[in-house]
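> following is a predicted model, sequence given first.
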Protein chains: 2
Amino acid sequence: MANGAMGTETKAGRKRPARGKTRRHDADEIGLDALVGHAGYAIRRFQLWIFQDFIKTLAAVDIRPTQYSVMTVIGANPGLSQMAVAKRLGIERARLVHLLDSLEGRKLVKRVKSRDDRRSHALHLTDPGQAALRQFKRLAAEHERHIAEKIGKENREKLLQILAGFT
Amino acid sequence: MANGAMGTETKAGRKRPARGKTRRHDADEIGLDALVGHAGYAIRRFQLWIFQDFIKTLAAVDIRPTQYSVMTVIGANPGLSQMAVAKRLGIERARLVHLLDSLEGRKLVKRVKSRDDRRSHALHLTDPGQAALRQFKRLAAEHERHIAEKIGKENREKLLQILAGFT
DNA sequence: AAAGATTGTTGTTGACGACAACAATTGCTG
DNA sequence: CAGCAATTGTTGTCGTCAACAACAATCTTT
């Protein structure tokens, strides 16, 4: 925190200071100081970036990260109940209802009444849903390449390794 | 965090498993498959965990991550305009309005009308705000220690290094 | 002085997490 | 076996947050 730009002075002078050693807060030279070194802050910014890139990269198919994760899990584990999917992805089952409403409305996913437990629904991808998921995965792979370009291939892998416990 | 991995394995005498076409899954054995290897997913889960720990660790002082970042930047750069703070932290200036309303209502931050540019406000910490921020930083440091315990000290540093470009 | 840009503000929209309540159904226990 | 507790899907509310849009007041530019 011992950055030189710390304010002993309290005058604003942001507009057009005399070109000198006067502090210029004008541009992107604002010191974050203590914020650097906070993992949460870096993670937050990075996640923002990632989600935006994901959304942009998959904009043509109109799929958001959460929708993608839901379809991926269902595709890999057909017949799961909503509860199981929600628990596995760490989302509320109340929230999953809306997600599935949307995906089902687009004929990508179907809820099949389970015979084993008549409370629950067995979730499956529709045939077009499976085809769509394959395309989503291709686009998601492109998105991953964007990440690799951004932070470096080996850094991305190191990151995945560090955070493997959170999946 | 979700903590979906709990001991269902000790449960005995389940209903007859996997007899028909639909496979039954225990909660623990659901494969994420393609989701593993997606940086965004790991980051999302990790950020959730971090924010919850931050909120919990600073619950006694009722400060959330964004509020903390705002106060930190103002404390390190007194006199900044709202626009400058918003741009530096990557938050909407519309959102910053509410954040400052709250912080100002708690007498932690004050908006001083700038004489240089009468549209803008020069942001400062109040005296109690400065004292409070010092305590917040102590608690935030404790939160960082929780992260280090979670992923390992060296992993946390590696992570900070990888994501340094996003601050 | 007029036109255009910036700053703070208000408001809206939508995604999202956290809860609470509820009906239907299942499981457990006495 | 009956009855009560737990689970599942659903609906609804609340609060946070990002992304826009519009606006008045105020610079800046021409």
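That came in fine, so what should we check first? Numbers count the residues shown, from 1 in each chain, chains lettered A, B, ... in the order given.

> from here on, contacts and neighbour counts on C-alpha atoms
OK.

> check which helix or strand A:Ala122 maps to.
A:Ala122 is part of strand A:121-125 when elements are defined by DSSP states H and E.

> how close does A:His124 sit to A:Ala86?
As for A:His124, its distance to A:Ala86 is 15 Å (criterion: C-alpha to C-alpha, to the nearest Å).

> neighbour count: the two, which is higher?
Here A:His124 and A:Ala86 are set side by side on neighbour count (other C-alpha atoms under 10 Å in any protein chain shown), and the busier one is A:His124, at 24 against 20.

> and the longest helix along chain A, what does it pack onto?
Selection of the longest helix in chain A by residue count, based on DSSP state H, yields helix A:127-151. Contact partners of helix A:127-151 among helices and strands, from 3 or more C-alpha pairs under 8 Å, 6 or more residues apart in numbering or on different chains; DSSP states H and E: helix A:39-57, helix A:65-76, helix A:153-162.

> now with 7 Å?
Other elements packing on helix A:127-151 under the criterion 3 or more C-alpha pairs under 7 Å, 6 or more residues apart in numbering or on different chains; DSSP states H and E are helix A:39-57.

> packing partners for the helix it packs on?
Here helix A:39-57 touches helix A:127-151, helix B:39-57, going by 3+ C-alpha pairs under 7 Å, 6+ apart.

> quick one: contacts of it?
By C-alpha atoms under 7 Å, 6 or more residues apart in numbering or on different chains, the list of residues contacting helix A:39-57 from outside reads A:63-65, A:139, A:143, B:40, B:43-44, B:47, B:50-51, B:160, B:163-164, B:166-167.

> residues from chain A in reach of DNA strand C?
Proximity of chain A to DNA strand C is confined to A:64-67, A:91-92, A:94-95, A:115-119 under the rule C-alpha under 7 Å from any atom of the strand.

> tell me which of the helices and strands packed on helix A:39-57 is the most buried.
Comparing the helices and strands packed on helix A:39-57 by mean neighbour count (mean count of other C-alpha atoms under 10 Å in any protein chain shown), helix B:39-57 comes out on top with a mean of 20.

> shaky segments in chain A?
Residues of chain A that meet the criterion pLDDT under 70 lie in A:1-34.

> spatially central residue in it, please.
In chain A, the C-alpha closest to the average C-alpha coordinate belongs to A:Phe51, at a distance of 4.0 Å (C-alpha atoms, centre = their mean).

> okay, now A:Ala94: neighbour count?
With neighbours defined by other C-alpha under 10 Å, the count for A:Ala94 comes to 11.

> quick check: next helix or strand after the strand or helix carrying it?
When elements are assigned from DSSP H and E, A:Ala94 belongs to helix A:93-105. Elements were assigned by DSSP H and E; along the chain past helix A:93-105, the next helix or strand is strand A:109-113.

> distance from that following strand to the middle of the chain?
Distance, stretch centre to chain centre, for strand A:109-113: 26 Å (C-alpha atoms, centre = their mean, to the nearest Å).

> what's the angle from it to strand A:121-125?
Compare the direction of strand A:109-113 with that of strand A:121-125 by axes from the mean of the first three to the mean of the last three C-alpha atoms, to 10 degrees and you get 150 degrees.

> which helices and strands does strand A:109-113 pack with?
In terms of contacts (3+ C-alpha pairs under 7 Å, 6+ apart), strand A:109-113 is packed against strand A:121-125.

> wait, does the strand it packs on make contact with chain B?
No: Strand A:121-125 stays out of contact with chain B when judged by C-alpha under 7 Å from any C-alpha of the partner chain, the minimum separation being 8.2 Å.

> likewise stretch A:159-167?
Yes: contact check for stretch A:159-167 against chain B, using C-alpha under 7 Å from any C-alpha: residues in range are A:Leu159, A:Leu160, A:Ile162, A:Leu163, A:Ala164, A:Phe166, A:Thr167.

> got the CA coordinates for that stretch in CSV?
Coordinates of each C-alpha in stretch A:159-167 appear next as CSV, following Å, rounded to 0.1, in the frame of the first residue of the first chain:
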residue,chain,number,x,y,z
LEU,A,159,-5.8,-22.3,-13.2
LEU,A,160,-7.9,-25.3,-14.0
GLN,A,161,-5.7,-27.4,-11.9
ILE,A,162,-5.8,-25.0,-8.9
LEU,A,163,-9.6,-24.7,-9.1
ALA,A,164,-10.2,-28.4,-9.8
GLY,A,165,-11.6,-28.9,-6.3
PHE,A,166,-14.5,-26.5,-7.1
THR,A,167,-16.1,-28.5,-9.8
